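Chemist: Below is the structure, and that's it, no one-letter string:
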């Protein structure tokens, strides 16, 4: 816990793949539908509105760091139930807290630690014969994330006869939380409509695309990369994991739980390794049980020491505020920068940077600009107008959002002008879009974010025009 507290982010941070930091903060702070994480939003509302601390820092502490620490205790207790080996529970717990991928998500605003907490807590209750408790906690895991949270339910349904008898209970818990989320909460006004049906269908699409494009030939390299990440994350603790998994009769429930992250490791692209996190506690349990099956003398002691060393080394790599981010995090700086902007200004949903060949692109985090702008407007009661590119490029699909922009006093470029003047093949075409918006709104300042330091991802607001 001490290592976690040293390393945890004091506020929101986009480091450690914290792409959705602003979404989680906004949804929890204002109790709105912003991300498919109902339970996180409901629990996060009182946490982010506590009368002490910083809203982002409180979310890190109570919904990431503490759940991660408790997960290590649950792993200890589960392992102790399955083996009498003296060091096995300690190896399991230490291998989890020494796991780099798991640790990285335990110190930022993200849902993975909370999902891992409810999943392993459900398995703990199942292990000790508390079936109704296991069912309720499993329903909570499902409500943390629609698709990923379903895997423990499927695994436990197959694994436990008693769980099957009350399978309706986790479904009921999930349904209550899910329906309450989408029935009683307002939806984020600047939401982008997507065609994706969810994480499960997304991975199916990627698998099909891999075969269609012939990328299946890259599978050996991908397997090697995935195995490397697992070894880097768990170190030598991966040895007892493999020992335990070699016995399919004993480990099949873990294979089911790990089916989705394995699919993402093979086909999920650059974000695939983060999908290990919700199920890292199960891998840690396998490490603990597997230790009792090792035949090499004193190997379990070496594994324990290595895991403890990995945990102790975290401040060298994952100390947000010192090694990874600035003390006033770059994410918070993006919000604070709006203090210097006149009320009613237009903030484009762009986060641009110079690429090696001189071109300018928007990175994947640009979509969160609208969220942070709306967060700032509601926190300070100074209205800014966020404009996402999608609102300009698809007039029919986003008519509701375009109507809201008009209501707030913005004049939208004609759709034909957008197509004609953007210059899709030209350099800086996104900047050209911002110029079009400025030309149509001469009485308002128009800004976009530009990354001025790639290492820290620090941004500055760039004014396109001036009154």
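Modeler: Nice, thanks for sending it over. Every value quoted in this text rests on a predicted model; they were computed, and no experiment measured them.
Chemist: contacting residues around stretch 327-344?
Modeler: Outside of stretch 327-344, the residues within contact range by CB atoms under 8 Å, 6 or more residues apart in numbering are 9-14, 18, 21-22, 56, 320-321, 326, 347, 372-373, 375-376, 380, 382-385, 409, 444-445, 447, 449, 456-461. Where C-beta positions appear, they are placed from N, C-alpha and C, glycine not excepted.
Chemist: Just the buried ones out of those, please.
Modeler: Buried members of these, counted by 16 or more other CB atoms under 10 Å: 9-14, 18, 21-22, 56, 320-321, 326, 347, 372-373, 375-376, 384-385, 444-445, 447, 449, 457, 459, 461.
Chemist: quick one: which of those sit in strands?
Modeler: Among the buried ones among the contacts of stretch 327-344, the members found in strands (DSSP state E) are 347, 385, 447, 449, 459, 461.
Chemist: so how far is residue 369 from the third one?
Modeler: Think residue 447. 10 Å (CB to CB, to the nearest Å).
Chemist: Overlap of the contact sets of those two?
Modeler: Common neighbours of residue 447 and residue 369 (CB under 8 Å, 6+ apart) are 347, 348.
Chemist: quick one: residue 250 and residue 244 touch, right?
Modeler: Yes. Between residue 250 and residue 244 a contact is recorded at 7.0 Å, counting by CB atoms under 8 Å.
Chemist: Between these two, tell me which one has more neighbours.
Modeler: Set residue 250 next to residue 244 and count neighbours by other CB atoms under 10 Å: residue 244 wins out with 23 against 14.
Chemist: Next, the more buried one: secondary structure please.
Modeler: Put simply, residue 244 is helix when judged by DSSP: H, G, I helix; E, B strand; the rest coil.
Chemist: check contacts around it.
Modeler: Listed by CB under 8 Å, 6+ apart, the contact set of residue 244 reads 250, 251, 254, 286, 287, 289, 290, 293.
Chemist: Ok, residue 82 next?
Modeler: 127, 285, 288, 289.
Chemist: So it versus residue 74, what's the distance?
Modeler: Counting by CB to CB, the separation of residue 82 from residue 74 is 13 Å.
Chemist: what about the strands in this protein?
Modeler: Counting by DSSP E, the strands of the chain are 32-33, 186-187, 346-354, 360-362, 385-387, 446-453, 458-463.
Chemist: so where is the stretch 351-467 of the chain shaky, pLDDT-wise?
Modeler: Where the stretch 351-467 of the chain drops to pLDDT under 70, the residues are 356-359, 363-367, 416-428, 466-467.
Chemist: What ranges does the stretch 201-350 of the chain have for its helices?
Modeler: Shown for the stretch 201-350 of the chain, the helices assigned by DSSP state H, counting those that start in this stretch span residues 219-234, 238-245, 248-257, 259-267, 280-291, 299-312, 314-317, 330-336.
Chemist: tell me which residues of the second one are tucked away?
Modeler: So that's helix 238-245. For helix 238-245, a neighbour-count test (16+ other CB under 10 Å) marks 238, 239, 240, 241, 243, 244, 245 as buried.
Chemist: ok and it relative to helix 219-234, angle-wise?
Modeler: With axes from the mean of the first three to the mean of the last three CA atoms, to 10 degrees as the basis, helix 238-245 and helix 219-234 are set at 110 degrees to each other.
Chemist: Tell me, please, where in this structure the pLDDT is lower than the cut-off.
Modeler: Counting by pLDDT under 70, the chain has low-confidence residues at 193-219, 260, 263-272, 356-359, 363-367, 416-428, 466-467.
Chemist: Nearest the geometric middle of it, what residue?
Modeler: residue 110 (4.7 Å; CA atoms, centre = their mean).
Chemist: For residue 187, see how far away that one is.
Modeler: Distance from residue 110 to residue 187, by CB to CB: 22 Å.
Chemist: related to what we said a few turns ago, out of the helices of the stretch 201-350 of the chain, which is closest to residue 165?
Modeler: Closest to residue 165 of the helices of the stretch 201-350 of the chain is helix 248-257 (CB to CB; 17.1 Å).
Chemist: Provide a list of residues in contact with residue 156.
Modeler: 122, 123, 126, 134, 138, 163, 253.
Chemist: scratch that, residue 230 is what I was asking about
Modeler: Going by CB under 8 Å, 6+ apart, residue 230 touches 238, 276.
Chemist: likewise residue 7?
Modeler: For residue 7, the contacting residues are 103, 107, 314, 315, 318, 319, 320, by CB under 8 Å, 6+ apart.
Chemist: where does the last one fall, phi/psi-wise?
Modeler: For residue 320, the backbone dihedrals are phi -70, psi 130 (criterion: degrees, to the nearest 10).
Chemist: Quick check: it touching residue 6?
Modeler: No. Using CB under 8 Å, residue 320 is not in contact with residue 6, being 9.9 Å away.
Chemist: Excluding covalently adjacent residues, which one is nearest to residue 140?
Modeler: Of all residues not flanking residue 140 in the chain, residue 118 sits nearest, at 4.5 Å (CB to CB, 6 or more residues apart in numbering).
Chemist: ok, so what distance separates the one you found from residue 318?
Modeler: Counting by CB to CB, the gap between residue 118 and residue 318 amounts to 23 Å.
Chemist: now residue 147
Modeler: Taking CB to CB, one finds residue 147 at 27 Å from residue 318.
Chemist: ok, now residue 96?
Modeler: 15 Å.
Chemist: and what of residue 140?
Modeler: Distance from residue 140 to residue 318, by CB to CB: 27 Å.
Chemist: Then residue 442?
Modeler: 47 Å.
Chemist: now residue 445
Modeler: Taken as CB to CB, the span from residue 445 to residue 318 is 38 Å.
Chemist: got it, and residue 237?
Modeler: Per CB to CB, residue 237 is found 18 Å from residue 318.
Chemist: cool, and residue 378?
Modeler: With CB to CB as the criterion, residue 378 and residue 318 are 31 Å apart.
Chemist: With neighbour numbers in mind, choose between the two.
Modeler: More neighbours surround residue 318 than the other of residue 378 and residue 318, with 24 against 14 (other CB under 10 Å).
Chemist: ok, the residue nearest to the centre of the chain touching residue 18?
Modeler: Yes. The criterion here is CB under 8 Å, and residue 110 meets it with residue 18 at 6.1 Å.
Chemist: separation between the nearest residue to residue 54 once chain neighbours are set aside and residue 462?
Modeler: Leaving aside its chain neighbours, residue 54 sits nearest to residue 11 (5.1 Å; criterion: CB to CB, 6+ apart). Residue 11 is 24 Å from residue 462, where distance means CB to CB.
Chemist: Next, the contact list for residue 412, please.
Modeler: 391, 392, 402, 405, 406, 440.
Chemist: Could you dump the residues you listed into CSV with neighbour count and distance to residue 222 added?
Modeler: Shown next, in CSV, are the contacts of residue 412 (neighbours: other CB atoms under 10 Å; distance: CB to CB, whole Å):
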residue, neighbour count, distance to residue 222
391, 23, 36
392, 24, 37
402, 19, 41
405, 22, 43
406, 11, 47
440, 16, 46
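Chemist: Need phi/psi at the residue of the chain most remote from its centre.
Modeler: Distance from the C-alpha centroid of the chain peaks at residue 297, with 40.2 Å (CA atoms, centre = their mean). Backbone torsions of residue 297, given as degrees, to the nearest 10, read phi -60, psi 130.
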